[in-house]
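Enquirer: Pasting a predicted model and its sequence here:
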Amino acid sequence: MANLAEMERELTVERTHAGLEVARQLSRKGGGKQEMTDSKIESAKKLLANGVPPRDVAKNLDPAA
């Protein structure tokens, strides 16, 4: 029984890797849409450089919005 489970797992991993390789060849990236815009990222960098604590930067810029 364990051999069958191991074989299934290997097949799943193999198919996943094959799918990711095809996606790479088609210039597709995985993951969700980027939550923070370039302007939010710049603002965050400036605030952090000025000594604002990261927690406060996150609260002010709300990266999930």
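Expert: Received it, and whenever you're ready, just let me know what you need.
Enquirer: does T16 count as helix, strand or coil?
Expert: For T16, the reduced secondary structure class is helix; criterion used: DSSP: H, G, I helix; E, B strand; the rest coil.
Enquirer: low-scoring pLDDT stretches of this protein, where are they?
Expert: Segments of the chain classed as low confidence (criterion: pLDDT under 70) are 63-65.
Enquirer: quick check: domain ranges of it?
Expert: 1-32, 35-65 (automatic domain parsing).
Enquirer: Quick check: which of the ones you listed is buried the most?
Expert: The densest packing among the domains of the chain, expressed as mean neighbour count by mean count of other C-beta atoms under 10 Å, is seen in domain 35-65 with a mean of 12. Where C-beta positions appear, they are placed from N, C-alpha and C, glycine not excepted.
Enquirer: Any idea how far that one is from the middle of the chain?
Expert: The offset between the C-alpha centroid of domain 35-65 and the centroid of the whole chain comes to 18 Å, using C-alpha atoms, centre = their mean, to the nearest Å.
Enquirer: middle-most residue in this protein, spatially?
Expert: G31 (5.2 Å; C-alpha atoms, centre = their mean).
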